[in-house]
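# With the input below, show me the fold.
(chains A and B)
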Amino acid sequence: MFLSYFTEQPMSAYPADEGLKAGYTSVLFSNKYYDPVEGSRLFNERIEEYKLAEQVGFDGIMVNEHHNAPFCMQARITVMSSILAAITERAKIVQLGNPLPTYDSPLMFAEEIAMIDMISKGRLISGIVRGAGQESVCLNANPAYNRERFNEAHDLLVKTMTDDGPFSWEGEHFQYRVVNPWARVLQKPHPRIWVPGVFSAETIRWAAQHRYPYISLNTPLHLTGELWQIYDQAARAVGYEPGPENRGYLLRVHVQEDGDKARENAREFMWMQGEFTGIGHPYWTSPAGYGSSARRLDYARMANSEIRGSRASRFEKQLAAREIVAGTPDEVIRELRVVLETCRPSILMLWGNDGGVNHDDSLRCIELMGTEVLPALRDMGGELGLHDPFELDSPISLALTPPDELNPIESADDERPEDTSDSKALNMFR
Amino acid sequence: MQTVTTAVAGLGMREFTGGSGDPLVMLHHSFGNPGWMPIHEALAANYTVHALDLPGYGGTEGSDQPDWARHPRDLALLVGQWLRAKELGPVELVGCGFGGWVAAELATMSPERLNRLVLVGAAGLLPEQGRILDQFLVSHSGYVQAAFADKGVYEAIFASNNGNDPDEPPVSDDTLVVWDMNREMTTRVAWKPYMYNRRLRPLLGGVTVPALVVWGDNDAVVPVECAHAYVEALPGARLEIVGDCGHAVDLEAPESLAAIITGGKS
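Down below sits the predicted model:
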């Protein structure tokens, strides 16, 4: 099993009552409420926690980026990745992911990824994402071309990592007269690419078609079977048999010696009314043209409805559904066994601390994960046959799979045209 | 009134047309043309009215989407080709809101196709004092509502439920889908810079045909300063302000707008 630590790095030191008054905590929620003194403290506490996560045995540290909202302090994923490259020695740096379409320069990502891979001595996993709809609004990247830009930026990024320059690129959305960065990735042919997402059938299928592991972001456990079915069918259609090495899962988990204290701290996962991307309007999170056209009516209805406040399930309900796991190490291990048996991922991201959980408790949580939870998870992983891509040395991508190993099964993919289930999953996170 | 679709550059372009007299072409707001409206009916007494769906607007029944279009100027080029395909002109070209921007762009390219340019609450110029309301920061219904000074007029046109069921959305699913498709097309061509073109104003001096600029005095979408900017930049322009009226003069005060456009004509 590949076990990674994660936190959204919340900017928890903001006046929550102002957010409640405004009715939203993203996009237009004024940064006059951002206190950089507190920001500095929080950044440095997180850095100490990452160091500990490596020391106690995590295989990786997952980082991400978001904009204009307190729920995530990381405005540039490559900045935190660079810091991790310098302050850690062994753990993989798991970018989930680089939001390719929201910037105008895929070449910039290629250069930064190469630098981080070299500085970290080949410890980078360079995941990629479309970026949530509101990132398009905040960075002013056209949401109607988001998927096209994602696809093209991916192709250019991979070519830049694998082919010698100089070459030119004349694409639909990106053009370069010279692509020839003097920064090359250390890992050959290129660092592994993982693709995170909540439940977008289009993205799941795209990841499977490229043989990139799909990291399901706290998708309700009972929906993961449906999710992997979409992945597996698309994988078989292009010619390989998927397994746990293609599956990742991010889950909110908090551990303390005192189970009640753990559950009390875990309530902090519900901060900002449980909306993990902050409270936002649907017309920010799903701008016109961003989502699949088959779901246009759902999006439009949501965008024009009067829903205010939280759309998340109650804390107790999420605990019962194992969407949040909290307790003593033994309690958490028992719950995680059910998660592993149900979801069967080989890549598990433990989202350990959120909201206002203090530094000391965060450190203790990480320590207990390292001493108690991780060893148990590794045993379970072995028992359940959950072997990760590194253990199996599995192909990095479909393009890097020897053609004679591929056996495409026609009609394996049911081509279910569009997302059918994500409204169920997304309601919780929007 | 009849619905006519004309092929232009491989795209079907739909219009509602009716009336008799000299040709008058109307270009709609970014939220689209809700149908054959009172303004069309009023103008049809004096003109042959062509209420055109801009390329990519009007829902699945409307005009086809040009995947390649990246700017309102691309839409203006297509409207120009449509005028040629129909051998229309010179025409009275009336553009409302976003459609006013497209009309102004077309006027700079093909003034000979125009008998007169009429801009109604037209976007296209960057205001110096105020701001053009950004539809991408508000809901579809919130944006359309903002185009009216009188909410009752908005509701009379767009509201579909009788208010008995609080869970029922205030506009029909069909309207929501068309609004979202129109918004997506607006996103494709006008995401940024939003609703203006710095390359438009310098070219307006070359529009030698008469121009009429009409604005609601209570326009909450495009500031009235843009009316004055258009009048200043267009050599033959005249300004008419409509009282107690919002941005969508064509929908909120159709009789007044028709009278202003028709002038002494009867």
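
# what does the model give residue 236 for pLDDT?
Since you didn't name a chain, this refers to chain A. The per-residue pLDDT reported for residue A:236 equals 97.

# try again with chain B
Residue B:236 is assigned a predicted lDDT (pLDDT) of 88.

# The residue nearest to it when sequence neighbours are not counted: neighbour count?
Distances taken as CB to CB, 6 or more residues apart in numbering or on different chains place residue B:210 nearest to residue B:236, at 4.5 Å, with adjacent residues excluded. C-beta: built from backbone N, CA, C; applies to glycine. If you count neighbours by other CB atoms under 10 Å in any protein chain shown, residue B:210 ends up with 16.

# so residue B:210 makes contact with residue B:117?
Yes - taking contacts as CB atoms under 8 Å, residue B:210 lies within contact range of residue B:117: 7.5 Å.

# Tell me which other helices or strands the longest helix seen in chain B touches.
Of all the segments of type helix in chain B, defined by DSSP state H, the longest one is helix B:173-190. With contacts defined as 3 or more CB pairs under 8 Å, 6 or more residues apart in numbering or on different chains; DSSP states H and E, the secondary structure elements packing on helix B:173-190 are helix A:296-303, helix B:72-85, helix B:140-146.

# contacts for the longest one?
Surrounding helix B:72-85, the residues in contact under the criterion CB atoms under 8 Å, 6 or more residues apart in numbering or on different chains are B:6-9, B:11, B:13, B:25, B:27, B:52, B:54-56, B:66, B:68-69, B:89, B:91, B:98, B:101-103, B:105-106, B:109-110, B:113, B:124, B:189-190, B:197.

# what does the last one give?
For helix B:140-146, the external contacting residues (CB under 8 Å, 6+ apart) are A:283, A:300, A:303-304, B:31, B:133, B:135, B:138, B:151, B:154, B:158, B:170-171, B:176, B:179-180, B:183, B:220-221, B:246-247.

# Chain neighbours aside, what residue packs nearest to residue A:134?
Nearest in space to residue A:134, with sequence neighbours left out and distances taken as CB to CB, 6+ apart, is residue A:284 at 4.4 Å.

# where in chain A is pLDDT low?
A:306-311, A:412-430 (pLDDT under 70).

# Show me which residues of it sit near chain B.
Within chain A, the residues that sit near chain B (CB under 8 Å from any CB of the partner chain) are A:27-28, A:137, A:140, A:142-145, A:281, A:283-284, A:287-289, A:296-297, A:299-301, A:303-305.

# Quick one: buried ones out of these?
The neighbour count (16 or more other CB atoms under 10 Å in any protein chain shown) marks A:27, A:137, A:142-145, A:281, A:283-284, A:287-289, A:296, A:299-301, A:303-304 as buried among the residues of chain A next to chain B.

# could you pull out the strands for the chain?
This is for chain A. Along chain A, the segments classed as strands by DSSP state E run A:2-6, A:60-63, A:92-99, A:124-129, A:167-170, A:175-179, A:195-197, A:214-217, A:247-255, A:324-327, A:347-351.

# let's do chain B instead
Secondary structure of chain B by DSSP E: the strands cover B:2-8, B:11-19, B:22-27, B:47-52, B:91-96, B:114-120, B:211-216, B:237-242.

# returning to that earlier point: and of the strands of chain A, who's closest to residue A:79?
Counting by CB to CB, residue A:79 lies closest to strand A:60-63 out of the strands of chain A; the figure is 9.2 Å.

# Tell me the helices and strands packed up against that closest one.
Using 3+ CB pairs under 8 Å, 6+ apart as the contact definition, the elements that strand A:60-63 packs against are strand A:2-6, helix A:36-55, helix A:77-87, strand A:92-99.

# Quick one: closest of these to residue A:346.
The closest of those to residue A:346 is strand A:2-6. By CB to CB, the value is 6.3 Å.

# got the angle between the closest one and strand A:124-129?
70 degrees (axes from the mean of the first three to the mean of the last three CA atoms, to 10 degrees).

# Show the contacting residues for residue B:14.
Listed by CB under 8 Å, 6+ apart, the contact partners of residue B:14 are B:3-5, B:52-53, B:58, B:61-63.

# follow-up on the earlier one: I'd like to know which of the contacts of helix B:140-146 are buried.
A:283, A:300, A:303-304, B:31, B:133, B:135, B:138, B:154, B:158, B:170-171, B:176, B:179-180, B:183, B:221, B:246-247.

# Understood, closing this out.
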